[in-house]
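Participant: I need the structure of the sequence given here:
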Amino acid sequence: MRNLVQLIAMIVAAVFFTGNVHAQSTQHPWLLGAGINAIDLHGVDSTDDIAKTEFWNTVPAISHLAIARSLSPSFAIDLQLSGSRITTDRFGNDVGGAGFFAADIDFRYKFDNGYIINENAAIAPYIFGGGGINYTSKDILRPNFGGGIGLNIWIWKDLGIYGQSGYRWSRDDHDYLQHSAGVVVRFGKRDQDDDGIADEDDACPTEAGPASTKGCPDKDNDGIADKVDACPDVAGLATLNGCPDADEDGIADKDDLCPNEKGTAEMQGCPDRDADGVADKDDECPDQKGAKEFNGCPDTDGDGVPDKTDACPTQKGSPEMQGCPDRDNDGVADNKDRCPDEVGPASNGGCPVPKKEEIEKINMAAKAIQYQTGSDKIQTKSFRVLDEIVSFMKQYPQTKWDIEGHTDDVGKDAYNHDLSHRRAASVRNYFISKGVTEDRLTSQGYGETRPIADNKTAAGRTQNRRTEIHLIEQQ
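Facilitator: Model prediction:
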């Protein structure tokens with residue numbers, strides 16, 4: 001026995017300087033130890049004799065078995081079975097020899113601070129404590145509990161030696177010291193998530209998963225582990241980090257602004273039929289190459305107004321004129337200006353108009369037109385006035401005029417209305433005969449409905465029998 005202790009001490013000294021040896025208990029959770037066992041009944045009463053091997057009761061055979069299961073880097077649970085032959089009692093007396101058997105379940109605390117001592121260390125000290133039963137062939141079955149210290153020394157891979165000592169309290173003053181030493185091996189592979197893949201080979205040791213993803217979960221069953229799957233809930237492609245690509249344009253649906261239309265990376269997955277750099281979904285002219293500032297529409301004349309809203313797409317104009325030019329700068333675009341080279345108001349189609357005083361002069365002259373009584377025939381003496389008006393109209397060839405006929409209230413309404421209409425038409429026909437185009441002239445009669453004086457007096461009735469000529473405003 002002394003030689004065994006010396007051998008263990010030498011091995012401890014040799015291994016102490018070798019550092020870590022191999023893998024550890026949490027990865028190889030099972031431990032099996034087998035060796036010799038010594039029961040010391042005397043040492044509990046005489047501490048001076050604790051180290052004296054002559055009081056150790058042993059058998060020349062394997063008499064100690066231990067099987068342990070690691071629970072964590074620091075804790076394990078083990079079953080220890082031990083036997084011996086008792087030849088010396090607690091008082092040092094020779095008692096002949098009785099068979100001894102003990103079975104204990106203990107918890108181990110393995111010192112693991114993560115640095116100098118850790119579960120991967122070649123030298124692995126531990127303490128243990130628990131309880132069980134013991135039996136002596138010349139006595140009765142007794143419960144016991146206790147604890148102690150131990151040391152595993154891993155020599156090569158998962159093979160090592162162990163030694164431990166403990167104190168067991170038992171009923172009826174049958175306490176004893178127990179020493180054991182032998183060979184220990186580690187085996188088995190830990191599988192925390194019970195997915196059939198050992199933790200050391202499991203990329204996700206705490207989450208169950210298939211072998212195809214190295215033990216990591218794969219919710220969408222696309223063969224890509226959830227931890228690296230950019231779309232873990234939707235089956236996708238490995239080339240797109242597990243995301244689907246419905247339109248097969250090489251852009252993952254989650255990044256594709258048009259997931260159901262094949263597009264380009266430059267357009268974030270959207271098509272661009274006219275290749276103008278504006279995606280069809282944003283392109284107001286998807287079949288015509290255009291500019292981004294015009295939402296993909298062209299501007300043929302380069303005037304800053306896109307063709308789709310340019311009233312003159314081939315003539316450079318201005319936004320104010322809807323893309324059309326305005327040569328005379330009168331505020332009327334050339335395409336609507338009846339006089340594009342002459343300044344005129346929009347009310348007259350961009351053509352010049354007579355001055356206000358000229359128009360008033362026309363109206364004054366028109367009121368001097370006289371007809372034969374009860375007739376639409378113009379009196380000859382009025383021709384000079386009419387010719388002056390014709391001359392004036394020809395000075396403004398783009399103007400249009402409305403001729404109105406009015407009567408007093410003498411006679412029937414219907415007759416007066418018809419007479420006023422015919423008289424206005426006679427004036428219009430005279431102007432046409434003198435070269436004023438008929439499309440510039442309209443005529444109508446109002447009869448007695450618009451008097452400008454009192455019909456009860458002769459002077460008033462004279463004023464009401466009149467012809468008026470008005471400039472027609474044009475847009």
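
Participant: wait, what's in contact with the closest residue to K308 other than its chain neighbours?
Facilitator: Computed as C-beta to C-beta, 6 or more residues apart in numbering, the closest residue to K308 that is not its neighbour in sequence is C297, at 5.1 Å. Every residue, glycine included, has its C-beta placed from N, CA and C. Counting by C-beta atoms under 8 Å, 6 or more residues apart in numbering, C297 touches 283-285, 288, 290-291, 306-308.

Participant: Let me know the closest of these to N93.
Facilitator: D283 (108.0 Å; C-beta to C-beta).

Participant: still on that earlier bit, hey, what's the residue nearest to K308 bridged with?
Facilitator: Here C297 shows beta-bridge partners A291, assigned using DSSP bridges.

Participant: what does the model give it for pLDDT?
Facilitator: Turning to C297, the model gives it a pLDDT of 95.

Participant: before we move on, back to that, quick check: the farthest pair among the contacts of C297?
Facilitator: Of all pairs in the contacts of C297, the most separated under C-beta to C-beta is D283 and D307 at 13.6 Å.

Participant: quick one: which of the two has more around it?
Facilitator: D283 (25 against 18; other C-beta atoms under 10 Å).

Participant: I'd assumed P271 was in contact with the more buried one.
Facilitator: No. The criterion here is C-beta atoms under 8 Å, and D283 misses it with P271 at 9.5 Å.

Participant: Render the CA-only coordinates of stretch 84-96 in CSV, please.
Facilitator: The C-alpha coordinates for stretch 84-96 follow below in CSV (Å, rounded to 0.1, in the frame of the first residue of the first chain):
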residue,chain,number,x,y,z
SER,A,84,-12.9,-4.6,2.2
ARG,A,85,-11.9,-7.2,4.8
ILE,A,86,-11.9,-5.9,8.4
THR,A,87,-9.0,-7.2,10.4
THR,A,88,-8.3,-4.3,12.7
ASP,A,89,-11.1,-2.6,14.7
ARG,A,90,-11.3,1.0,15.8
PHE,A,91,-9.2,0.2,18.9
GLY,A,92,-6.4,-1.4,16.8
ASN,A,93,-7.3,-4.9,17.9
ASP,A,94,-7.1,-7.8,15.5
VAL,A,95,-10.7,-9.0,14.9
GLY,A,96,-10.0,-11.8,12.5
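
Participant: now this structure, which segments are flagged as low pLDDT?
Facilitator: For the chain, applying pLDDT under 70 flags the ranges 1-27, 47, 112-120, 474-475.

Participant: And for the helix ranked longest in it, what's in contact with it?
Facilitator: With secondary structure taken from DSSP state H, the chain has its longest helix at helix 413-433. Here helix 413-433 makes contact (C-beta under 8 Å, 6+ apart) with 366, 369, 371, 374, 376-378, 383, 386, 389-390, 393, 403-410, 438, 441-449, 467, 469.

Participant: And that helix, what's buried?
Facilitator: Neighbour-count burial for helix 413-433 flags 416-431 (criterion: 16 or more other C-beta atoms under 10 Å).

Participant: Provide the secondary structure category for the residue nearest the centre of the chain.
Facilitator: Closest residue to the average C-alpha location of the chain: K254 at 7.2 Å, with C-alpha atoms, centre = their mean. Going by DSSP: H, G, I helix; E, B strand; the rest coil, the secondary structure assigned to K254 is helix.

Participant: where along this protein do the strands fall?
Facilitator: 30-40, 64-70, 75-88, 94-110, 123-136, 141-156, 159-170, 176-187, 400-406, 441-445, 466-472 (DSSP state E).

Participant: Could you save those as JSON lines and add columns showing distance to C216?
Facilitator: Shown next, in JSON lines, are the strands of the chain (distance: least, C-beta to C-beta, whole Å):
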{"stretch": "strand 30-40", "distance to C216": "25"}
{"stretch": "strand 64-70", "distance to C216": "23"}
{"stretch": "strand 75-88", "distance to C216": "27"}
{"stretch": "strand 94-110", "distance to C216": "29"}
{"stretch": "strand 123-136", "distance to C216": "31"}
{"stretch": "strand 141-156", "distance to C216": "31"}
{"stretch": "strand 159-170", "distance to C216": "32"}
{"stretch": "strand 176-187", "distance to C216": "26"}
{"stretch": "strand 400-406", "distance to C216": "87"}
{"stretch": "strand 441-445", "distance to C216": "90"}
{"stretch": "strand 466-472", "distance to C216": "87"}
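
Participant: So which of the ones you listed is nearest A230?
Facilitator: That would be strand 64-70 among the strands of the chain, by C-beta to C-beta, at 36.5 Å.

Participant: The closest one pairs with which strands, and in what direction?
Facilitator: Next to strand 64-70 in the sheet, as set by DSSP bridges, lie strand 30-40 (antiparallel), strand 75-88 (antiparallel).

Participant: and those, which is most packed in?
Facilitator: strand 30-40 (a mean of 22; mean count of other C-beta atoms under 10 Å).

Participant: how far is it from where the chain is centred?
Facilitator: 62 Å (C-alpha atoms, centre = their mean, to the nearest Å).

Participant: how about the CA coordinates for it, as PDB?
Facilitator: The C-alpha coordinates for strand 30-40 follow below in PDB (Å, rounded to 0.1, in the frame of the first residue of the first chain):
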ATOM      1  CA  TRP A  30     -19.300   9.800 -17.800                       C
ATOM      2  CA  LEU A  31     -16.500   8.800 -15.500                       C
ATOM      3  CA  LEU A  32     -15.600   5.200 -14.400                       C
ATOM      4  CA  GLY A  33     -13.000   4.500 -11.800                       C
ATOM      5  CA  ALA A  34     -11.700   1.200 -10.400                       C
ATOM      6  CA  GLY A  35      -9.100   0.600  -7.800                       C
ATOM      7  CA  ILE A  36      -8.300  -0.500  -4.300                       C
ATOM      8  CA  ASN A  37     -10.100   0.500  -1.200                       C
ATOM      9  CA  ALA A  38      -8.900   0.900   2.400                       C
ATOM     10  CA  ILE A  39     -11.200   1.200   5.500                       C
ATOM     11  CA  ASP A  40      -9.700   2.700   8.700                       C
END
